[in-house]
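**Q** what's the 3D shape of this:
(one chain, ligands or ions: 1)
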Amino acid sequence: MSLIIWIDAYSTGIAEVDGQHKKLVELINTLFDSITLKDRTPVLSQAFEELVNYTVFHFGKEEELMTRCAYPDIVNHKAEHRSFINEINKFKQEFASGDNKVMLKVINFLKDWLLNHIKGTDKKYVPHLQAKGCK
Ligand code: FEO
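**A** All right, here's what the predicted structure looks like:
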């Protein structure tokens, strides 16, 4: 069973952004689903690495979009992105311990942070982009 089910409330209405957010959700679901595997360590390590790399990719794309569209609150938004990258880099070692409780803690942090960021911070730039006709 998936940890996160995509719902309309997560949608920004910007196809490229929503596609990337859906991919992030899929990667978190893969991590969650892998916890119960017997030989899970290599699968989890790879899935976690992929999530970190894809998050960096997505943040870069989103920051390009905000720059291109002259979004006035870009500095604060970028600071949230940096803070999240720092947190998940710290979690890497804990996650590699292979302990179920630690992995669940990390996965829940990822889920809560991502969904709150999408529903709050990301959605804030949508009216600005729409007003400017910028995508
Ligand atoms: Fe979609 Fe600001 O991350």
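**Q** For the chain, give me the ranges with low pLDDT.
**A** Along the chain, the parts satisfying pLDDT under 70 run over 97-98.
**Q** what's the burial count for the residue in it that the ligand sits nearest to?
**A** Using CB to the nearest ligand atom, the closest approach of the chain to the ligand is made by Asp122 at 4.4 Å. Quick note: C-beta positions are derived from backbone N, CA and C, even for glycine. Close neighbours of Asp122, defined as other CB atoms under 10 Å, add up to 21.
**Q** residues contacting it?
**A** Going by CB atoms under 8 Å, 6 or more residues apart in numbering, Asp122 touches 12, 17, 21, 62.
**Q** repeat that for 10 Å
**A** Taking CB atoms under 10 Å, 6 or more residues apart in numbering, we find Asp122 in contact with 10, 12, 14, 17-18, 21, 62, 66, 77, 80, 114, 116.
**Q** from those, which are also near the ligand?
**A** Filtering those for neighbours of the ligand using CB under 6 Å from any ligand atom leaves 21, 62, 77.
**Q** Can you give me the distance of the residue in the chain sticking out farthest from the centre to Cys69?
**A** Largest separation from the mean C-alpha position in the chain: Lys38, at 26.4 Å (CA atoms, centre = their mean). Note on Lys38: its distance to Cys69, by CB to CB, to the nearest Å, is 48 Å.
**Q** circling back: now a PyMOL select for only the buried ones of the contacts of Asp122.
**A** Selection of buried members from those for PyMOL, criterion 16 or more other CB atoms under 10 Å:
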select buried, resi 10+12+14+17+18+21+62+66+77+114
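**Q** No more questions from me, cheers.
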